[in-house]
Every structure is written in structure tokens, then in C-alpha cells.
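# Structure, please.
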Amino acid sequence: MTHGPLDSVLRLDGRIALVTGGGGGLGGATAEILAEAGATVVVSDIDQAAAERVAAACRNHMPDSVALAADVTDPAAVAAVFDEVAHRWGRLEVLVTTAGVSAATDATPTAATDPLFNDISTLSDAAWRRMLSVHLDGTFFCIRSAVPLMRAAGRGSIVCMSSIAGLAGIGPPHYSAAKGGILGLVRALARSLGPEGIRINAVCPGAIDAGMTLLRPREVVEAFLPQIPVGRFGAAREIGHAVLYLASDASSYTTGQWTSPNGGSVIS
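Below you'll find the model as predicted:
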């Protein structure tokens, strides 16, 4: 592959990108960064109003960006979103899967009883299945629908949102299992999709001052701060910049890998 100047290989001009969970803090920041880089962005979220707010911001850069509502746990709803992409553009070059739920939604945490330290003996079947359904099933459903559109485009980059929980077990067991499963899926698909010009990688954020982190009480979140060598939480746009790198031609020789912007809280 021939590369131009650095600013050009980080551009996504002419490409169609779809971001799941795009109405959230992390997904929304990522969607806007992709639009700033020249991609027409499809912002998908279970919350249509949230998705539309982000799509409106994306249209400040790329006027054809749209919002499409979908629950990623529903394969028919996911297929309908990608059918709409096929109808409008006939192709897709970038998929970013950020849709997720936090263990903090399963209980009301306190500094003493934070779900980061869930006892598996008290973990309900419903909480376990919900976590894997959103993170792992949802990622699978979206990739399955995206691949034919990437084949039509002749190339593609898939970026899956995992977590330091998936790398190091920092988190409740169902969340860590779901995020670790995403890394296994990425590795397997990198081998099968690479010959077709479709790359797939993962981003494993640490503590980010946005999105699901904000569902926890502030004292719970701040208790994690001493474990971060850089002394602060990450910003959503810092994660979005990592996604942009993996989505762009700057990472054209990278597939089946993960990167972890985590401030040094996990070093490996």
C-alpha cells in the first residue's frame, strides 16, 4: 500500500462508517472524530434521540451522516440497519462497535459494594446473559452484517471496543468475560477476513471520564485513580483517536491486535 503524508493517511474521505452505541459518551466522541476525518457516519444507538444528537454534530463535518436506531441484541434490528446502509450507499468501509452496558446498571454501587468486586455466587442469570448479549452477541451480529458490505467496498476496518477488564480481569466476572470474548472474536476473524482486505482490531480503554464510568458514584471512580500512573482519567476523544488510527490507512498492516489507552493502569 502506498502512503502519502501523515495527515492524509489518517483521513477517511469518501468512506462510510457505522458506529454502534454512537449516542453514548464514548461512541459519540468517536463518531464525531470519524466525521472530522472525512467519513460519512451512521450513528446507531438504542436511543434514537441520543443518536440523532450525535448525527447532527457529525453533519457539521459530513452532511450525509445519519442516525439509525437499533438494539444490538436483536439480530433482525441489526440487519435492518445494515440493509439501510446497503440501500443508501451499497458499501461500508468502517465499523466501530461501542454499544455496551455497565455492571453498574445491575445494582446501586457504593464505595463499599462496587460491582467491580461482584461475588460470582450472587451474580444472577439475567445479569450474566444481559452482559454477554449486549457486548458479545451484539458485536457478532454487527460484524456478521457488516462483512458483506465491506466485501462490496473491497476493503474494510472493524474496530471493536473491549476493555482492560477483558485484558486483566479488572471488573466484575460477567463484564470481564464479555470483553475478553470480544478479543477472542477479533483474533479469529483477523485470520479469516485478512485475505479479503478486511482488518479487525480492538481498543481496550481504561477508566474514561465519560459514558458508563459516570454511572458509578464519584467516590467509587476516584478510588481507582491512585492505580493510574498518569494520575488522571482518560477522555472520550482520546479513545476516539485510537479508533481513528485503527480505522485509517495509518494502520494498514495491523490486524488481530489490541491497543489499550489506559494511563498505565494495565501494563503488558
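# For residue 186, give me its contacts.
Taking C-beta atoms under 8 Å, 6 or more residues apart in numbering, we find residue 186 in contact with 160, 162, 200-202, 256, 258. (Each C-beta comes from the backbone N, C-alpha and C, glycine too.)
# For residue 185, grab the count of nearby residues.
By other C-beta atoms under 10 Å, 19 other residues sit near residue 185.
# surely it meets residue 160?
Yes. Look at residue 185 against residue 160 with C-beta atoms under 8 Å: they come within range, at 7.3 Å.
# overlap in contacts of the two?
Residues touching both residue 185 and residue 160 (C-beta under 8 Å, 6+ apart) are 139, 143.
# pLDDT weak spots in the stretch 151-268 of the chain?
Along the stretch 151-268 of the chain, segments meeting pLDDT under 70 span 211-218, 220.
# can you pull out the strands in it?
156-161, 198-203, 258-259 (DSSP state E, counting those that start in this stretch).
# Among those strands, show me which one is buried the most.
strand 156-161 (a mean of 27; mean count of other C-beta atoms under 10 Å).
# I'd like to check the angle between that one and strand 198-203, please.
Angle of strand 156-161 versus strand 198-203, following axes from the mean of the first three to the mean of the last three C-alpha atoms, to 10 degrees, is 20 degrees.
# for residue 30, what are its contacts?
Residue 30 touches 19, 22, 96, 98, 236, 239-240, 243-244, counting by C-beta under 8 Å, 6+ apart.
# Which parts of the stretch 1-150 of the chain are helices?
Taking DSSP state H, counting those that start in this stretch to define them, one finds helices in the stretch 1-150 of the chain at 6-9, 25-36, 48-59, 75-88, 125-132, 138-153.
# Would you check the distance separating the longest helix seen in the chain from the middle of the chain?
Using DSSP state H to define each element, the chain has its longest helix at helix 173-193. Mean-position distance between helix 173-193 and its chain equals 13 Å (C-alpha atoms, centre = their mean, to the nearest Å).
# Just the C-alpha atoms of it, please, in CSV.
Once non-C-alpha atoms are left out, helix 173-193 reads as follows in CSV (Å, rounded to 0.1, in the frame of the first residue of the first chain):
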residue,chain,number,x,y,z
PRO,A,173,-16.8,-11.5,36.1
HIS,A,174,-19.6,-11.1,33.5
TYR,A,175,-18.2,-7.8,32.2
SER,A,176,-14.6,-9.3,32.0
ALA,A,177,-15.9,-12.4,30.3
ALA,A,178,-17.8,-10.4,27.7
LYS,A,179,-14.9,-8.1,27.0
GLY,A,180,-12.5,-11.0,26.8
GLY,A,181,-14.7,-12.8,24.4
ILE,A,182,-14.6,-9.8,22.1
LEU,A,183,-10.8,-10.1,22.0
GLY,A,184,-11.1,-13.8,21.0
LEU,A,185,-13.5,-13.0,18.3
VAL,A,186,-11.2,-10.3,16.9
ARG,A,187,-8.2,-12.7,16.8
ALA,A,188,-10.2,-15.4,15.0
LEU,A,189,-11.8,-13.1,12.4
ALA,A,190,-8.5,-11.4,11.7
ARG,A,191,-7.3,-14.7,10.3
SER,A,192,-10.3,-15.4,8.1
LEU,A,193,-11.0,-11.8,6.9
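# Would you mind listing the buried residues in it?
173-183, 185-187, 189-190, 193 (16 or more other C-beta atoms under 10 Å).
# how much space between residue 38 and residue 190?
For residue 38, the distance to residue 190 equals 25 Å [C-beta to C-beta, to the nearest Å].
# on that earlier part again, so of the helices of the stretch 1-150 of the chain, which one's packed in deepest?
Ranked by mean neighbour count under mean count of other C-beta under 10 Å, the helices of the stretch 1-150 of the chain are led by helix 25-36, which reaches a mean of 27.
# Could you check how far that one is from the centre of its chain?
That offset, for helix 25-36, works out to 10 Å (C-alpha atoms, centre = their mean).
# do stretch 234-254 as well
Centre-to-centre, stretch 234-254 and its host chain are 11 Å apart (C-alpha atoms, centre = their mean).
# again, but for stretch 203-212
Remark: stretch 203-212 is offset 10 Å from the chain centroid, using C-alpha atoms, centre = their mean.
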